[in-house]
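Colleague: fold the stuff below for me.
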Amino acid sequence: MIKNPKIRKLLILDKRRKRTTFLRIFSKAAAVMLAVSALFAYFSFYFIEMYINEKADREIARTHSNLMQTMNIYSRNGNHNAADAALPPYTYFLLGEPVFYVDSYNLIGGDSYSAAISVLLDKDGNEIASSRRRFMAAISFEKNEKDEKHPENGWYVCKEEKFDLPELKEFYDKFFYMNHFMALSEDEDSDKYVNFILRSAYVNKAEHLFIPHEVTAEYTKAITPKSALTEIEVYKTEEFTINADIEGYELVQLHSYAAGESRIYPMVMLPNFQGTEPDVYDEYWNAVKNDVTSHTTDAYSGMYDYRNFPELANKGGGRVYYMTTNYTYNDEECILCTVFAVGIWNPLNQKAYAAMVGAFTAFLLFIALLYSWRKNVMNKADYAFEDYQRDLTNNLAHDLKTPLAAIGGYAENLMESAKDEKQQKYLRSILDNVAYTDSMISKTLELNSGNMQKLNKSGFDMRELAEAALGKYSVQLDERGIESAISGNMKVNTDRDMMTSAVENLVSNAVKYTRNDGEIKIDMNNGKFKITNSVSEKTDTHDLTKPFVRGDKNRSGRSGSGLGLSIAERSLNACGYVLELDCTDSEFTASIR
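Modeller: Numbers count the residues shown, from 1 in each chain. This next block holds a predicted model:
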């Protein structure tokens, strides 16, 4: 065994890995990154749904409670239409963060993917009040005292359907689908909306109902960037006058109130359209009311996916939350129902999700690109060194052959003229070592070029190779009293020359290390080629396939280069086979599978 580390470093050529290219490295790295991105997309999808649904679950309970408290307050203050006043303005939700956003007004999503509905039903299931959109205003006739609320103060509702007034219908038709929050333009540089100034109204104080009389519609727009403190300007106004002569309604002049100004009574605040659009209200309420109204005893809450309701199935991913509670309204037992239809995957959220996953994927691919570039640079350096090492080994081996041939020739010439037995002994030793060194150089060259050969596949029987290899050692086997046996057959389709090299090296190894009077058995069965030979003691097989390694002391004293098993394994790997070694106290086994 060669012990000089410098010579070993020069001569040992470890198994060369299969060379690869930048595209192959990148394709593998990209596949891993895309798998990670897919996992990210999967888990983030459900995390977003879980996050928004969790907030929706809390929000509907809060809203439902607020609606009951507001109706109680209005009822105590003498408002006989407390439900009509409380449900439209206070039935809404805003969920999520700026990136993933869901709201019941669908201001961001742009379509009725979501809705907030509240309805008050009598014991027979008839609708008493709901969150349908109304024109509403907060009107105060007198200042509320600290311990007492003026019963005529509060929210007033305009029920357009109760009156046959053409001017009122025209007013509703023009502004019904347009409220203070709804943009009138998609211009990115300015937000446009309508602000109403209610100058006078016909008011029914007992029922908290009103009909607008003189209304100014101010069309306003922002004149500063959205990121700054927004200032607005009025670029257009439109006047409306609605005349009515209805019993129980009196004409009242109203004064608008703005923060920081003095209060002049009667005072009006926040005149605007409030509540759920009727089309949206009808779509969602008709879809869920049968299920909701089936739970009208005591308190109940539920949650279902959109797909549970055929009318909402085409809305995409979403869930319906609802709560029902027994509620006493105007001394009558009623049911308050609150419904949140939370359409998580509105168009904006779909784009935000796609952008987030796309950005994450692009980042991972960029990392894969950097990794592949670095790996390719390192591989090129390794390949260049391997080529240099192989060329150096080949050149050194060829250069050593010439002086070895000269030494062998000189020794043979001296053998012819040498008369002294001692001289002949030394000369034979020189010739044996020259032959050994020459054999080692030849095997080093074979090992060095094993992976460079192209396979020339053909079909043949492994038994033929085994018989030929054993036949070369028949005389040696007889002299040492070693028995041999071959059993079975094994058909293969691979490179015959490389397989022959592998089998001959395995047989040579078996002959070399079989104890005298032992046996060598070659068995071929079930696609496995196995050579077993008798040994005198167990050997560690862990590093035996490495070049110039001959194992424990029981093998190190034998003649041999320590390259046979390395050559065999290299040849087998090139043919697509695996070499397995095993050793017990009495047998050494080499298997090809």
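
Colleague: next one: residue 211 from residue 354, what distance?
Modeller: Distance of residue 211 to residue 354, computed by CB to CB, to the nearest Å: 48 Å. To be clear about C-beta, it is placed using only N, CA and C from the backbone, and glycine gets the same treatment.

Colleague: who's more crowded, the two?
Modeller: Ranked by neighbour count (other CB atoms under 10 Å), residue 211 and residue 354 place residue 211 first, with 25 against 11.

Colleague: is it true that the more buried one touches residue 201?
Modeller: Yes - applying CB atoms under 8 Å, one finds residue 211 in contact with residue 201, separated by 6.4 Å.

Colleague: now do the helix or strand hosting residue 357: which elements does it pack against?
Modeller: Assigned by DSSP states H and E, residue 357 belongs to helix 347-417. If you count contacts as 3 or more CB pairs under 8 Å, 6 or more residues apart in numbering; DSSP states H and E, helix 347-417 packs onto helix 5-11, helix 22-76, strand 101-103, helix 421-449.

Colleague: now that helix, how far from the chain's geometric center?
Modeller: Its chain's C-alpha centre and that of helix 347-417 lie 34 Å apart, by CA atoms, centre = their mean, to the nearest Å.

Colleague: please apply the same query to stretch 130-140.
Modeller: 47 Å.

Colleague: how about stretch 87-105?
Modeller: Centre to centre, stretch against its chain (CA atoms, centre = their mean), the figure for stretch 87-105 is 29 Å.

Colleague: residues near the nearest residue to residue 401 once chain neighbours are set aside, how many?
Modeller: Distances taken as CB to CB, 6 or more residues apart in numbering place residue 441 nearest to residue 401, at 6.1 Å, with adjacent residues excluded. Residue 441: 20 surrounding residues under other CB under 10 Å.

Colleague: who's in contact with residue 441?
Modeller: 397, 400, 401, 404 (CB atoms under 8 Å, 6 or more residues apart in numbering).

Colleague: try it again at 7 Å.
Modeller: 397, 400, 401 (CB atoms under 7 Å, 6 or more residues apart in numbering).

Colleague: could you flag which of those are buried?
Modeller: residue 397 (16 or more other CB atoms under 10 Å).

Colleague: between the contacts of residue 441, which sits nearest residue 374?
Modeller: Nearest to residue 374 among the contacts of residue 441: residue 397, at 34.7 Å, using CB to CB.

Colleague: what's the pLDDT at that closest one?
Modeller: For residue 397, the pLDDT comes out at 71.

Colleague: my guess is residue 482 contacts residue 518, does it?
Modeller: Yes - between residue 482 and residue 518 there is a contact under CB atoms under 7 Å: 5.5 Å.

Colleague: relative to its centroid, which residue of this structure is most remote?
Modeller: residue 419 (85.6 Å; CA atoms, centre = their mean).

Colleague: next one: it from residue 427, what distance?
Modeller: 12 Å.

Colleague: cool, residue 416 as well?
Modeller: Taking CB to CB, one finds residue 416 at 10 Å from residue 427.

Colleague: and if you look at residue 306?
Modeller: 98 Å.

Colleague: all helices for the stretch 51-200 of the chain, in order.
Modeller: Ranges of helices within the stretch 51-200 of the chain are 82-90, 166-175, based on DSSP state H, counting those that start in this stretch.

Colleague: contacting residues around residue 218?
Modeller: Counted by CB under 7 Å, 6+ apart, residue 218 has contacts 194, 195, 197, 234, 237.

Colleague: so which of the helices of the stretch 51-200 of the chain gets nearest residue 114?
Modeller: Nearest of these (CB to CB): helix 82-90, 16.6 Å.

Colleague: any chance you could list what contacts that closest one?
Modeller: Contacts for helix 82-90 (CB under 7 Å, 6+ apart): 66-67, 70-71, 74-75, 79, 118, 120, 128-134, 136, 154-155, 157, 208, 274-275, 329.

Colleague: just to revisit the earlier point, export the helices of the stretch 51-200 of the chain to TSV and tack on mean pLDDT and mean neighbour count?
Modeller: Formatted as TSV, the helices of the stretch 51-200 of the chain follow (pLDDT from 0 to 100; neighbours: other CB atoms under 10 Å):
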stretch	mean pLDDT	mean neighbour count
helix 82-90	88	24
helix 166-175	91	15
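
Colleague: to residue 385, which of those lies closest?
Modeller: Comparing these by CB to CB, helix 82-90 comes nearest, at 76.4 Å.

Colleague: now the angle from that closest one to helix 22-76?
Modeller: 150 degrees (axes from the mean of the first three to the mean of the last three CA atoms, to 10 degrees).

Colleague: who has more neighbours, residue 416 and residue 427?
Modeller: residue 427 (19 against 7).

Colleague: residues in contact with that one?
Modeller: Here residue 427 is in contact with 411, 414, 415, 418 (CB under 7 Å, 6+ apart).

Colleague: are any of the residues you listed buried, and if so which?
Modeller: 411, 418.

Colleague: name the helix or strand of this structure that has the lowest mean pLDDT.
Modeller: helix 5-11 (a mean of 42; mean pLDDT, DSSP states H and E).

Colleague: related to what we said a few turns ago, derive a PyMOL selection command for the buried subset of the contacts of residue 218.
Modeller: Restricted to buried positions by 16+ other CB under 10 Å, the PyMOL selection for the contacts of residue 218 reads:
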select buried, resi 194
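
Colleague: closest one of the contacts of residue 218 to residue 532?
Modeller: residue 194 (96.1 Å).
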